[in-house]
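Trainee: Any chance you could fold what I've pasted below:
(chains A, B and C)
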Amino acid sequence: MTSGRQRWLGPVMFLPAVLYVIALVGVPFVLAFLYSVGDVKVGSVGYHFVGLKNFASVLRNPTFLVALRNSFVFTISSQVLVLIGANLLALVLKDAFRGRRLLRFLILLPWVAPVSIGSIGWKWILDSLYSVINWVLVHLHLVKPFSAPMWLGEPKLAMLSVILVHTWHMLPFATVIILAGWTAIPRDIPEAAAVDGAGFFRRLAQIEIPMMLPIINVAVLFGVIFTFTDMTVIYILTRGGPYDTTQVVPSMAFFTGILGGDLAEGAAISMFLVPLLVVVAGLMLRSAHRSEVA
Amino acid sequence: MAVVRTRGLTKLFRKGQVGAVVDVSLESREGEFLVLLGPSGSGKTTLLRMIAGLEEPTSGEIWIGGTLVNDMTPRQRRIAMVFQSYALYPHLTVFGNIVFPLKAVGVPKEDRKKKAEWAAGLLGIAHLLDRRPRELSGGERQRVALARAIVREPSLFLLDEPLSNLDAKLRASAREELEQFQKRIGTTTLYVTHDQVEAMAMGDRVAVMNSGSVRQLGTPAEVYDDPADTFVATFLGSPPMNLVPANSAIAGFRPEHFLPAGFLPPEERDLLLRFRVGHEEYLGAERILYGVLEGEPFEGQKVVSRIAATHAVRFAPDTVHDFAVAERNLKFFDPETGVKTAPIRLT
Amino acid sequence: MIPAGARARRLGLKIFHWSVLAVFSVLLAFPFYWMLITSFKSTRDLYDLENNPFVFNQRPTLAHIRLLFGETLFLRWLGNTAFAGLVVVAITLVLAVPAAYSLARLTGRWGGRVGIGIFLTYLVPPTLLFIPLSRIVAWLHLQDTLWAIIVVYPSFTIPFSTWLLMGFFKSIPRELEDAAMVDGLSRFQTFLKMVIPISVSGILTVVIFTFTLVSQEFVYALTFISSAAHQTVGVGVPIYLVRGDVYYWGSLMAACLIASLPIAALYNLFLDRFIAGFTVGAVK
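Mentor: I've put the predicted structure just below:
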C-alpha cells in the first residue's frame, strides 16, 4: 500500500493544516488560560501570575452570576424547543411530496442567512414602536394600543425574544440532521414493525427514534455548544440588556475583555465555557465510539 | 391455518401505467408451502407485499382465512413476514426482537417470555437471546427472523427470498431446515424466490410468474414436466428446455430427454435427430453437450443434451450422431404466444 | 378502492402534514418576507402606525436601495466579504484537501484519531479564543484590517472542510487509486491527477460551505475590525447602518435581503452533498 519510502507523505500532507490549527486554536487556548491566571490588560507590558484571583473576582460579580444563569436558561430552553420542532418538522419532511424542494429552501433560510442578518431582521420585527407583531396583536384586540409588549425592552420578554430568535436560527440545522437520520433507517425495519403489529406511535417510539438516537445526539450536542458559546443574537438584539438581564457568559466576556480592555478578567469569564465544552466533547466521543463498535 | 386467496389482483405504477402485478388470481391450500417463482421484475415481491398489506393494490381482492383484508393494516391481518434482509431491530437483543410482536399486541410479560423461549428453542437459538443482531452470523439472523415470525402463531407466513443473503454452502442446509420447520408447524407459507432449484425442492406448489402475471400454478412435477408456456418451460430446468421451430409450432424437449438414440428402446425413438456435437462440459455427475442439429427442418438449431456420467460414452467434437426424443417428452408451443398447444406430427 | 375508514385517516394525516408545514414555513421564512416588504416601502408608509404593515399603502419605492448603494458602505462591505471569502477559500483548499486525503488514506488508525482531533477543534468557540487572538492580531499589526480575519478564519474552516472531505475521499473506491498506482503513478501523483479531478463536486461543496462560513461569521469580525470601511457585510449591516440611535430600517432590510438570498440559493443547491458528507462522517 504505502512503501516505506513514502511513509512520510501522509504526515507531510496533513502537517500544514495541523500546524495552522494549532497556531490559531491551540496557542490562543493556552493563552486564554494564561491570561485568566495573570494580570494582563490591553496596553500592559509585563505579566504576573495571580493564581485564581480573577476567577474569584468574577464569581463575586453579581452580573456574572446572572449571566451564568442566563446562559443555562438560554441554552436549555432553546435546545428543548429546537429538539421538539426539528423532530416534528423532520417527520413531515421525510416523505417526498410536491414542492418539497421549495419548502426546504424556505425552511433553511434562518440557518443559511448570516445569523447577524437574521437577528437584525428580527430586531425590526420586534421594534418597540413599529413591531408588526404588536400591530397584529393590537388589531386583534388582544392588547391595548400603547401598552403593547416591549419585546426587547422588558427583562422577561427580552429573554423570551432572544431564546425564540436563537431557536429560529438553529431549527433548520437540527432538522436537516434529523432528516438524515430518518433516511438512514432501512425501509424494511418500520415495515417489519408494522407487520409485527406496531402502530404508528409504537413504531416511532420503540423502533424509529431509538435507531436515530446517535444522530439526534449529535444534533443536540452541536446545538448545545453553538448556543452556550454564542453571543451574536444577544449582542444584536439587546446588547445584553435591559440592564444585563439577557447577558450571557460569552457576551459578558466580550464586553469585559474586548470593549472593556480587561483581558485578564475577560479571559477568566470565557474560561467558564471550558467545562461545558469538555463534557460535551466527551459525550460526543463516547457516542461516536459506541456507534463505531456497532 | 388459513387459506390465502387473491382475485384479479393488480398493481399499476404511475409511469405509463406499467403493471407490476396484472390480474393475479390464485388460491393456496391449507398448510401448503406455496412458492412464488420468477425473475426480478416479475412482480412476485409486489404480490407478496400486497398480501402483507405493505403495498396497496390498484384493484382486486385479497382474502385471508375467508376474510376480505383489503382494508386491513398489516397488523390486523395476523400474518408474519420474513424480509430478505431479515429486518432485525438493531438496537434490541435477540430476545427483544422476538418479543416485540407480542408486546405490540399487549401480551402480558410472563406469557411473552414463555412464548419467546418456545420460539427460540424451536429454532435452536435459545443460547443467543442476549446478543444483538450485529453479533450474529447470517444463518443465526435468519433464525431470529423466523423466531420473531412464529412467536405470534400467525395464520400465514410470508417469506421474501430469505435465503438469498446466505452463502451458497449455508443455503443448502438452511433450505432443508426451513422445509422441515414449515412441515413441523404446518402454517400456510408463501415463499418468494428467483431460484428455481429452491422452488422445486421446497414447494408443495409453485406459481411461476413473469411480467406481473402467473404463468402456471402447479406442483413441481406439473410445472416441470408439463409447462404451460415457453417461459415456464425455459425458466425451470438448467440447462433450459430445447426449443426448436417445427412446422407451424415450436417443439420443446429437455436436455435430459435428448439422448443418443442407442440409449432409448427402439419403440421410444419417436423423433430422430442428427446432432453435431460442438463442445462438452464435464460436470462430474453429468455431461452437457452443446451442438447443432442437422437435416431439415431443424438445420442449424442450437440444442443441448444432458447425459448422466453413468454412461461412459465419449463424443468427439464436430462429429455427428443420431440422437432421439421420446414422444411423451415432446412439448409443443404456439410460436406467437408461447402457450402450450396440442401435439402435432413431426415426421 | 380505498375504504372509508382508511380514507378518513389518510385525509387527517394530510391535514396534519400540511398544517405543520405551513406553520413552520411561515415562522421560519416570515422575517425574509418582511425584509422584502420593508425594503420597498416608502418611509412615510413605514413609520405610520395607522397603516396596515402587510400591504403597500403608498407606492413602493426604490429610495432605500438607492440610499443603500449610494450613501452607505454597503458595496464596500460586500467587496470586503467577497475578497476575504476568496482568500480564505484558497487557503482552506490548499491546506485541507491534502490533509483530508492523507487522513482518509494514508494514516490508518491513528490518522482517524487525528481526524477526530481536528474536528474537535471546530468546537472550540470564538468567544473563548477572541481575547488572546485580539492580542495576536495586534502583535501581527493586522488589527482593523481585513487580513486579521483572513488569517484567523481558516482556523475553523480548515477543520470543518477537512472533516467533510475525509468522508468524501473515503467513499472513493480504493481500486481506482490502486489501478493508477499499478499503472505507474506515485501516490502523490495519483492524488493530484486522479483523486482531485474525481472529487471536483466534493471540493466544490467545500468551497461553497467555506464561503458561507466566512460570510456568516460575526464575532471575530466584530472583535478585530474597528473601522466601518474595513468591515464585512455580517457586521457592517447590523452595526453601522445607523445614524446615532436610529436605524435606516428600509435600507437595512434591503441590505439583509441582498446579503442572504444568494448564499441561500447556493447552499440549497449543495445541501444534499453536505448531508451525505455529514452522515458519512458522523455515523461512519
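
Trainee: contacts for whichever strand or helix holds C:Ile150?
Mentor: Under the criterion of DSSP states H and E, C:Ile150 resides in helix C:146-152. By Cβ atoms under 8 Å, 6 or more residues apart in numbering or on different chains, the residues outside helix C:146-152 that reach it are A:24, C:80, C:83-84, C:87-88, C:91, C:133, C:137, C:140, C:142, C:217, C:220-221, C:224-225, C:230, C:232. C-beta here means a position set from N, CA and C on the backbone, and glycine is covered the same way.

Trainee: Apply 6 Å and report the result again.
Mentor: Contact with helix C:146-152 is made by C:80, C:84, C:87-88, C:137, C:142, C:220-221, C:224, C:230, as judged by Cβ atoms under 6 Å, 6 or more residues apart in numbering or on different chains.

Trainee: which one among the residues you listed gets closest to B:Thr341?
Mentor: C:Val88 (77.7 Å; Cβ to Cβ).

Trainee: so the closest one touches C:Ser215, yeah?
Mentor: No: applying Cβ atoms under 6 Å, one finds C:Val88 not in contact with C:Ser215, separated by 10.1 Å.

Trainee: Is stretch B:78-93 in proximity to chain A?
Mentor: Yes: for stretch B:78-93, a contact with chain A is found by Cβ under 6 Å from any Cβ of the partner chain, at B:81, B:83, B:85, B:87, B:89, B:91.

Trainee: Columns neighbour count, pLDDT and secondary structure on top of those, output as TSV?
Mentor: TSV is the format used below for the residues of stretch B:78-93 next to chain A (neighbours: other Cβ atoms under 10 Å in any protein chain shown; pLDDT from 0 to 100; DSSP: H, G, I helix; E, B strand; the rest coil):
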residue	neighbour count	pLDDT	secondary structure
B:Met81	30	94	strand
B:Phe83	22	93	coil
B:Ser85	18	91	coil
B:Ala87	25	93	coil
B:Tyr89	20	94	coil
B:His91	19	92	coil
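
Trainee: Pick the one among those residues closest to chain A.
Mentor: Proximity to chain A was ranked across those by Cβ to the nearest Cβ; first place goes to B:Ala87, at 3.7 Å.

Trainee: Make sure that closest one is actually in contact with A:Arg187.
Mentor: No: B:Ala87 lies out of contact with A:Arg187 (Cβ under 6 Å); the separation is 8.9 Å.

Trainee: hey, what's in contact with both of these two?
Mentor: By Cβ under 6 Å, 6+ apart, no residue touches both B:Ala87 and A:Arg187.

Trainee: and whichever strand or helix holds C:Ser134, what does it pack onto?
Mentor: Assigned by DSSP H and E, C:Ser134 belongs to helix C:126-139. Under the contact criterion of 3 or more Cβ pairs under 6 Å, 6 or more residues apart in numbering or on different chains; DSSP states H and E, helix C:126-139 touches helix A:27-36, helix A:263-271, helix C:219-224.

Trainee: quick one: that helix to helix A:27-36, angle?
Mentor: Using axes from the mean of the first three to the mean of the last three Cα atoms, to 10 degrees, the inter-axis angle of helix C:126-139 relative to helix A:27-36 is 90 degrees.

Trainee: Which one of the contacts of helix C:146-152 sits in the busiest neighbourhood?
Mentor: In terms of neighbours by other Cβ atoms under 10 Å in any protein chain shown, the contacts of helix C:146-152 top out with C:Ala221 at 27 neighbours.
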